[in-house]
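**Student:** output the structure for:
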Amino acid sequence: MRRLKLATAVSLASAMMIATIATTASAKVSEEEAARLDGKDLTPLGGEVAANADGSIPAWNPKWMGLPPGLEYGGPGEERPNPYADEDPIVIITADNYQEHKDNLSEGQLALFARYPKYEIHAYPSHRDFGFQERIANKASWNATHTELVDAGEGLQNYNGGVAFPIPQSDREVMWNMRTSGCFHSFYLAYDGYGVFANGERSHDAVTFTQSAPFNNPADPDTGVTEKERGDRAVWTISERLAPPRQKGQITVVNGPLNYKKGKRNAWQYDPGTRRVRKAPSIGYDNPNGPGGLQTIDDNKGFNGAFDRYNYTLLGKKEIFVPYHTYKYNDNRIGTLDDRLTLNFPNPEYVRFEKHRVWVVEGNLAEGKRHAYKKRRWYIDEDSWNPVMAENFDGRGNLWRVGYFLSDYEYQVSCYAKTSQVFLDLPSGHYLTDFITLDRKERDFTIPYLGKDKFTPANLRKLSKR
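**Tutor:** As a prediction, the model looks like this:
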């Protein structure tokens, strides 16, 4: 099996960190180590402040917090302005020149160029211009000296919300950072998803979705409120199907645990056909998901659910072209849905890529375990801890699906938020793209904090009687 090489431009500080990760058990760090999160060595969330060796990845320069000067934004429901809309690509990578850039491409990206002669990556200047809200920075700093993994990495202990391990010590801590990267307490959005098939046909679904994170309760102090006060649920969600017609009106409530060893993900569903609320079957692992079934449940937003099917390895950091500042993909002032949903892959003109440093984690199926994917690989942005790419391999070890996770800076909450995602199925030529808000106005990160009472079977029964 070919191992990824660490990017040659990784700084000495990062190299020392990786060496520590390889030899140290998962644990909280010292106050002295946590002091590195001062914005001089590491950003408040743990990214390297320094530029890379050739400057193609700039130093972190948080000159903006929220909406940049000179831009107009009407707030929730309005199109978010792109601060980099006037830029042109610095390079368009094609099937003709991708070998020249292979050191900054992933295995999945190389496979896409080999599979599709017309595939392109439009690479723009890299930017690290935005700051993080102080509350989330304070939570990350507190977690650094308090939060620990428990139960073989399946759960967290002494966690108070925000990024769990800003100075990670292991593969599982990096994975938990991807899971805890959200900086909002509650949000609401409506979105569409499409399965785009190689013959030109499409499948479609649409959903309204509300999520709340109890550990980011704005009524709490900035630091120190942990699972002792907040309980064992890490996230609550409620979703209602708008399409397809056969599922319209179906409502699902889900709550996810902070510890998958001690607790399970619980789900209840209202079926408009029977007008009954029932406990939903287990939601997780490799159950097909999304329009066309072109991703698994645990593909969603990078990775979710229990870790117990795989053995994980932290491969270090790599400098790579990844989706970033992807405002254009969901901007309905530019082009149409049909312009974006081209055959085999979304139209490259609508997906902005930038070179960034990413953590790389690999999972190999554990002995005696079953999953559709024999091997998986995740690429996680060092600044936001959001997933940016994933690679999934079939039972014979062949690359099967390549995932892209789009994100942009959300002015409402002053942090990077995950937006649309794409899974490209290499053997079939199909792909899925969902969380598309192009034709919908409902996207609000400013709604009041929603407590657990909204996310219960009792409330689901109330909603079913509307």
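
**Student:** could you use CA atoms for every contact and neighbour count after this?
**Tutor:** Fine.

**Student:** tell me which residues form a beta bridge with residue 122?
**Tutor:** residue 92, residue 352 (DSSP bridges).

**Student:** what is the neighbour count of it?
**Tutor:** 20 (other CA atoms under 10 Å).

**Student:** mind checking pLDDT for it?
**Tutor:** In this model, residue 122 is scored at 98, pLDDT.

**Student:** contact partners for it?
**Tutor:** Residues in contact with residue 122 (CA atoms under 8 Å, 6 or more residues apart in numbering) are 89, 90, 91, 92, 93, 348, 349, 351, 352, 353.

**Student:** show the buried residues in those residues.
**Tutor:** With burial judged by 16 or more other CA atoms under 10 Å, the buried subset of the contacts of residue 122 is 92, 93, 348, 351, 352, 353.

**Student:** how near is the third one to residue 95?
**Tutor:** In this view, residue 348 and residue 95 are 13 Å apart by CA to CA, to the nearest Å.

**Student:** what is in contact with those two at once?
**Tutor:** Shared contacts of residue 348 and residue 95, counting by CA under 8 Å, 6+ apart, come down to 119, 120.

**Student:** where do the strands sit along the stretch 351-466 of the chain?
**Tutor:** Remark: strands assigned in the stretch 351-466 of the chain by DSSP state E, counting those that start in this stretch are 352-365, 375-381, 387-393, 399-410, 415-425, 431-436, 443-444.

**Student:** that should have said the stretch 151-300 of the chain, apologies.
**Tutor:** Taking DSSP E, counting those that start in this stretch as the test, the strands found in the stretch 151-300 of the chain are 155-157, 186-196, 202-212, 233-243, 251-257, 266-271, 276-279, 288-289, 295-296.

**Student:** could you dump those strands into TSV and include mean neighbour count, mean pLDDT and distance to residue 313?
**Tutor:** Converted to TSV, the strands of the stretch 151-300 of the chain look like this (neighbours: other CA atoms under 10 Å; pLDDT from 0 to 100; distance: least, CA to CA, whole Å):
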stretch	mean neighbour count	mean pLDDT	distance to residue 313
strand 155-157	21	97	18
strand 186-196	22	97	32
strand 202-212	20	97	31
strand 233-243	21	96	25
strand 251-257	22	96	24
strand 266-271	21	95	29
strand 276-279	15	94	35
strand 288-289	16	94	25
strand 295-296	21	97	21
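
**Student:** who touches the closest residue to residue 421 other than its chain neighbours in this structure?
**Tutor:** The shortest distance from residue 421 to any non-neighbouring residue, by CA to CA, 6 or more residues apart in numbering, is to residue 405 (4.5 Å). Counting by CA under 8 Å, 6+ apart, residue 405 makes contact with 301, 302, 323, 387, 388, 389, 418, 419, 420, 421, 422.

**Student:** distance of residue 405 from residue 323?
**Tutor:** 7 Å.

**Student:** may I ask which helix or strand of the protein has the lowest mean pLDDT?
**Tutor:** helix 12-23 (a mean of 40; mean pLDDT, DSSP states H and E).

**Student:** the helix or strand just after it - what's its average pLDDT?
**Tutor:** Remark: after helix 12-23, the chain's next helix or strand is helix 31-34, criterion DSSP states H and E. Taken as a whole, helix 31-34 has an average pLDDT of 97.

**Student:** and helix 31-34, which residues are buried?
**Tutor:** residue 34.

**Student:** now do the nearest residue to residue 401 once chain neighbours are set aside against residue 371, distance only.
**Tutor:** Distances taken as CA to CA, 6+ apart place residue 425 nearest to residue 401, at 4.7 Å, with adjacent residues excluded. According to CA to CA, residue 425 stands 17 Å off from residue 371.

**Student:** neighbour count winner among the two?
**Tutor:** Taking other CA under 10 Å, residue 425 and residue 371 do not tie; residue 425 has more neighbours (22 against 16).

**Student:** what sits against that one?
**Tutor:** By CA under 8 Å, 6+ apart, residue 425 lies in contact with 294, 400, 401, 402, 431.

**Student:** worst mean pLDDT among the strands of the stretch 351-466 of the chain?
**Tutor:** Among the strands of the stretch 351-466 of the chain, strand 443-444 has the lowest mean pLDDT, at a mean of 94.

**Student:** which elements pack onto that one?
**Tutor:** Here strand 443-444 touches strand 186-196, going by 3 or more CA pairs under 8 Å, 6 or more residues apart in numbering; DSSP states H and E.

**Student:** partners of the strand it packs on in the sheet?
**Tutor:** Taking DSSP bridges as the criterion, strand 186-196 sits next to strand 202-212 (antiparallel), strand 431-436 (antiparallel), strand 443-444 (antiparallel) in its sheet.
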